[in-house]
Each structure stands twice: as structure tokens, then as C-alpha cells.
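Chemist: Output the structure for:
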Amino acid sequence: MSAIRKRIPTPVKMIVAILSPIIITVVAFYIYGLQVRNTEHIYPHISIAGIEVSGFTREEAMLSLGLPAYDERGTNANVSIIFPDDSRMVISGNDVNLKHNARDIVIEAYSVGRGRGVILDAVSYLQRLEADEIFFNIDFALDEAVLSAKVAEFTNDYNNRLNASVPAIYEDSIVFTKGAGHVNADVEEIHELAYHGLFESLGREEPVEIHYYMLETSKTVFDIFDKQKDIFVQMVSSGYDPGTDAASESVIGIDFDAIEAVRLINELESGQSVTLPIIYTHPEYSQEQLDELLFRDLIGQRTTWAHGNANRLNNIELSSGAINGLVLMPGDEFSFNGVVGARTLERGYKYAPALSRGETIMSVGGGVCQTSSTLYAAIRLTDLNVTEQQRHGKPVPYLPWGHDATVFYPYLDFKFVNNTNYPLRIEMDLDDRYVTARVWGTIIDDFPIAADWNAA
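Modeler: Have a look, this model is predicted:
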């Protein structure tokens, strides 16, 4: 008698059938994770000092950043503090170990997304493919103790007293007066001059000279910069505020030329004054000006008649409502599918006739193509940049052939870009079977050209 074959229970077969793809997927992803983890390249979308280093090894990133040039900048930074007796305190970047952190930044950039395990590292890599750019900056730092010691060598011999100027501020000017008092030389002040001078030299890539005529000059210089901080107001131009749907508040900038004040005060004797104008910087657009420009002009408009049953009208009304009031900032791309979303029963859409490959079928969301087509027809003859549009497989009853834009979530979309310099507002509504699309914006110097929306 032949041996009886042992049958594998059906539940076991089912479990094996279910788990096998999962196991294969996990193993494949783990292998992929090992490859990602073992790569020597920096993950995507990472920049250092404005240079894209994605896909570089650490060595390649350092080469691309030009580290020898950074090393040379730190070494060559040089500040000379010229004292009242014409002696010079010369400090170089090399003297105070002025160094950059580029190598540490490269390591930090390389570490992004790593170190959490094979699976999580792989996930991090995939996320970086679609993530925003990460920007790292290269900074310099010096040895404060060494700088302080060098400054002290020069300032301990000085015992010059000064009179401090007291700034007087008026509506259109500011007055600095060199006072009559005297104080001892201040090590901390000279330290600050040397410190900022070194970093100024670093930025300008050339030696910097700072005259320390008398301590009264130094005191006045610090008063000047302190007063500049007190009165400075950053100019802010008005922009579109989506929270208020209007122009944001503009701010007039306030400042004075502190460098010129320092130059002039250094030429004065005690008791003399220098007057500098207050500088008012007016924004490109005030709030009132921008309010007058925003959504001033009708760039495109089109109305179509909606045929069909109540379900079709329901779908048109839902999709139009999702778009109505949408504001596109300059450079923004409108996506019909992105704005309207999936057309599902759960979201209130209903079965209605729709064109598919030239045939009429019943589809959830049938009719939304009239919404997209009406909007496309409104801007078809404008200067707005249409980036995606497909016509139906056969003519639609509400627009001329080729003037329509079919959509099918998520595969077929209708897109255009606001390539103007001002926001656009889209208005869409369904009223007594009439679907109307209007696009409002701002026409400056005949751009963009508005559509002849009555054109066939």
C-alpha cells in the first residue's frame, strides 16, 4: 500500500499565502535599507552655503564647498586698531584661531536621516526625495580668550578720558555732540571693535582699519550704533494677507547713516556737533496702494449652460464651490484635482452621466468636467500659463470642440500657473443651470492680456 500523503490544512495555506508577500516585501525593503544605509552619499535636497550637495560623498561635498578658500579667508582676516598715538594693534584671524565649521557642517549634512536603524534610515531616505530643501550655513568662530589677551596688551597703558555725546532726535534729523567728560580707556569696547572688525574683514575679504582716536570717540561711536538700534524700523511693503483677504499693513522704514556719523564725529573736537538726516524709506506698495490693485481687473470669464439631471447639477455645484474664492499667489499652480479632491459618494458626489473614451457612462462625480472646462474656457485666451489640459474624446454640448478640459481623478488633471506679479482670485458658481467662471487679477502694462470671454 502506498504511503498516505499528509495534507496541509487549508488555514495554513491561507496564512502562508497572506504572509509570503509581506515577508518578501519586508525582506526586500530591508535589503534596500541596507543599501541606503551603506551608501556614502548625502541624502537628497540638502544644501550647504547655497551649494547643493545631495548625492555627494563627504569628500566630494568638501571639495565642492572649496574649503581651502574658507581656510584662507579665516587666516587672512585682519583688523588694525589705530590708537591716538598712532600705534597699531594688528590682529589676524590666524592670531585668534578664526576658523570655520564647514567640515562639521558636512558631517551634520551627511548625518541627516541616518542613525536610526536600517528600516528607519530607508524611510528617511524616501522621505527626503519629496521633502523641502534643508539649508546649512558655514559659520566662523574665534578664540575669545586669545583676543581678550591681545586687546589687553594695548589698552592697559591708556588712561584717556572722554566726553560722551548725547544724541538728540528730531523729526527729520539726529544730532550727536562730542561731550566734555573723560573716562579711562575701556578694554571691552576695544575688544568689541577688534571682534567686529575681524568679522568685517572676513566678509569683505580685505584688511580693515579702525581708528580709535580717543576714548570719547569710541564712546560716541557706540552711542551712535546703540541709537541706530533704538530708532531703526524695517521697511515692510504691503502684500496680500490671506487671513484678511486684503493687503497687509505696510511700514515706512526709519534709519540714519551711522557709518557717516562715525566718520564725521571722528573729525570733531569736544563740544562740536554733527547733524544727520533721518532716512525714511517708503515701501514699494503701501497698504492703500495695494488694496486698490488687488483683484482689480477681470482677466477671464466664461459662462456655460448645464444640461442633465439633478445629480449632475449637484456634482457641478460641489466642484464649483470647492474652487470658488480660491486665491493663487504669483507662481502658484492651480490643480483641479488638488483643489476639488476625489469625487466620492462620501463627499457628497452622485452618479451622473460622464464621457469616458468617447462613450457616455454613469460615474460618481459625472459633470465635474463642465466645471473644469468652464474655468479653462475662461482663461484659454489669456496670458495665464496652462500646464495641463486634455480635451474630451468627442465634442461636449456646452463648449466648442477643443475649448474644454476633461478631468478624471487622479489621472487627468487641469492645471495652470499664476505667472503674473499679483494674486489671482477664482470665482465659480452655478446659478439656474448657468456655470460661470471668473478670474480676477491685476493687469499692469498690458500684462496679462485679458481674454475675450465672449469669443467662440
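Chemist: got any ranges where the protein has weak pLDDT?
Modeler: 1-8, 10-39, 83-86, 115-125, 127-128, 156-167, 177-185, 213-220, 269-272, 452-456 (pLDDT under 70).
Chemist: mind redoing it with 50?
Modeler: Per-residue confidence for the chain (pLDDT under 50) gives these ranges: 1-3, 29, 158-165, 179-183, 215, 270, 456.
Chemist: Please tell me how far residue 265 sits from residue 200.
Modeler: Distance of residue 265 to residue 200, computed by C-beta to C-beta, to the nearest Å: 19 Å. C-beta here means a position set from N, CA and C on the backbone, and glycine is covered the same way.
Chemist: ok, the two, which is more surrounded?
Modeler: The neighbour count for residue 265 versus residue 200, taken as other C-beta atoms under 10 Å, is higher for residue 265 (23 against 14).
Chemist: Next, the more buried one: phi, psi?
Modeler: phi -70, psi -30 (degrees, to the nearest 10).
Chemist: quick one: it from residue 227, how far?
Modeler: 12 Å.
Chemist: what about residue 198, which SS state?
Modeler: helix (DSSP: H, G, I helix; E, B strand; the rest coil).
Chemist: That one touches residue 94, doesn't it?
Modeler: No - here residue 198 does not reach residue 94: they are 10.9 Å apart, not a contact under C-beta atoms under 8 Å.
Chemist: Quick check on those two: which one has the bigger neighbour count.
Modeler: For the pair residue 198 and residue 94, the greater number of neighbours falls to residue 198 (24 against 13), based on other C-beta under 10 Å.
Chemist: what sits against that one?
Modeler: Taking C-beta atoms under 8 Å, 6 or more residues apart in numbering as the criterion, residue 198 is in contact with 77, 78, 79, 91, 93, 96, 98, 142, 147, 208.
Chemist: Make sure the first one is actually in contact with residue 202.
Modeler: Yes - under the criterion of C-beta under 8 Å, residue 77 is in contact with residue 202, at a separation of 4.4 Å.
Chemist: between these two, what contacts are shared?
Modeler: Common neighbours of residue 77 and residue 202 (criterion: C-beta under 8 Å, 6+ apart): 93, 98.
Chemist: of those two, who's got more company?
Modeler: For residue 77 versus residue 202, the count of surrounding residues by other C-beta under 10 Å is larger for residue 77: 28 against 22.
Chemist: The more buried one: what's it in contact with?
Modeler: 92, 93, 98, 198, 199, 201, 202.
Chemist: switch to 6 Å and redo it
Modeler: Going by C-beta atoms under 6 Å, 6 or more residues apart in numbering, residue 77 touches 93, 98, 198, 201, 202.
Chemist: Then residue 264?
Modeler: Residue 264 makes contacts with residue 274, as judged by C-beta under 6 Å, 6+ apart.
Chemist: What's the first helix or strand after the helix or strand where it lies?
Modeler: Taking DSSP states H and E as the criterion, residue 264 maps to helix 258-265. Where DSSP H and E defines the elements, the next helix or strand beyond helix 258-265 is strand 273-277.
Chemist: after that next one, next one along is what?
Modeler: Criterion used, DSSP H and E; the element after strand 273-277 is strand 279-281.
Chemist: How far does the helix or strand just after that next one sit from its chain's centre?
Modeler: Per DSSP H and E, strand 279-281 leads on to helix 287-293 as the next helix or strand towards the C-terminus. Counting by C-alpha atoms, centre = their mean, to the nearest Å, helix 287-293 is centred 24 Å from the centre of its parent chain.
Chemist: Same question for helix 287-293: list its buried residues.
Modeler: 287, 290, 291, 293 (16 or more other C-beta atoms under 10 Å).
Chemist: can you list those in a markdown table and add distance to residue 279?
Modeler: Listed next are these as a markdown table, based on distance: C-beta to C-beta, whole Å:
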| residue | distance to residue 279 |
| --- | --- |
| 287 | 21 |
| 290 | 23 |
| 291 | 26 |
| 293 | 26 |
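Chemist: count of residues packed around residue 357?
Modeler: 8.
Chemist: That one is in contact with residue 393, isn't it?
Modeler: Yes - the criterion here is C-beta atoms under 6 Å, and residue 357 meets it with residue 393 at 5.4 Å.
Chemist: Find the nearest non-adjacent residue to residue 354, please.
Modeler: Nearest residue to residue 354, sequence neighbours excluded (C-beta to C-beta, 6 or more residues apart in numbering): residue 366, at 3.6 Å.
Chemist: Okay, strands next: where are they in the stretch 351-456 of the chain?
Modeler: For the stretch 351-456 of the chain, strands defined by DSSP state E, counting those that start in this stretch occupy the ranges 351-356, 359-364, 385-388, 415-417, 424-431, 434-441.
Chemist: Make a markdown table from those and add distance to residue 246 and mean neighbour count to it.
Modeler: Below are these laid out as a markdown table (distance: least, C-beta to C-beta, whole Å; neighbours: other C-beta atoms under 10 Å):
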| stretch | distance to residue 246 | mean neighbour count |
| --- | --- | --- |
| strand 351-356 | 38 | 18 |
| strand 359-364 | 38 | 13 |
| strand 385-388 | 26 | 14 |
| strand 415-417 | 24 | 19 |
| strand 424-431 | 12 | 20 |
| strand 434-441 | 14 | 22 |
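Chemist: circling back: closest to residue 170 among the contacts of residue 198?
Modeler: Using C-beta to C-beta, residue 208 is the member of the contacts of residue 198 that lies nearest residue 170, at 32.5 Å.
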